[in-house]
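**Student:** fold the following and give me the result.
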Amino acid sequence: MSWTDDRLDDLNGKVDYLRTETRDEFKGVRDEFKAVRTEMQAMRSEMHTRFDSMQTLMVLVICAVIGGFVTMSATLIATNV
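**Tutor:** The predicted structure follows:
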């Protein structure tokens, strides 16, 4: 078997087709990754909002507990005197 110009042209056409197909597939994968990245950034933003809310709630609860202990201690001191 010898490599004729027709066979080389045929091979060149197949390689070009595969290159184009591969390029299109990678473009599709890139687009999917961009969509996933956008979705993850939205989820990250939502998580930050939830953590901020949780942190605020924790500070309020701690202040209430400390306030309760201070009130209880002042009441005990006042009633024992």
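**Student:** chain center to the helix or strand where Arg44 lies, what's the gap?
**Tutor:** Assigned by DSSP states H and E, Arg44 belongs to helix 5-80. Chain-centre distance of helix 5-80: 2 Å, with C-alpha atoms, centre = their mean, to the nearest Å.
**Student:** for that helix, packing partners?
**Tutor:** On a contact count with 3 or more C-beta pairs under 8 Å, 6 or more residues apart in numbering; DSSP states H and E, helix 5-80 meets no helix or strand. Using the backbone N, CA and C atoms, a C-beta is placed for each residue, glycine as well.
**Student:** next, name the residue at the spatial heart of this protein.
**Tutor:** Central residue of the chain (C-alpha atoms, centre = their mean): Met40, 3.1 Å from the mean position.
**Student:** any idea how far that residue lies from Phe26?
**Tutor:** 20 Å (C-beta to C-beta, to the nearest Å).
**Student:** show me the contacts for Asp52.
**Tutor:** Shown in contact with Asp52 (C-beta atoms under 8 Å, 6 or more residues apart in numbering): no residues.
**Student:** per-residue confidence at it?
**Tutor:** On pLDDT, Asp52 comes in at 96.
**Student:** quickly note the distance from it to Ala64.
**Tutor:** Separation of Asp52 from Ala64 (C-beta to C-beta) stands at 19 Å.
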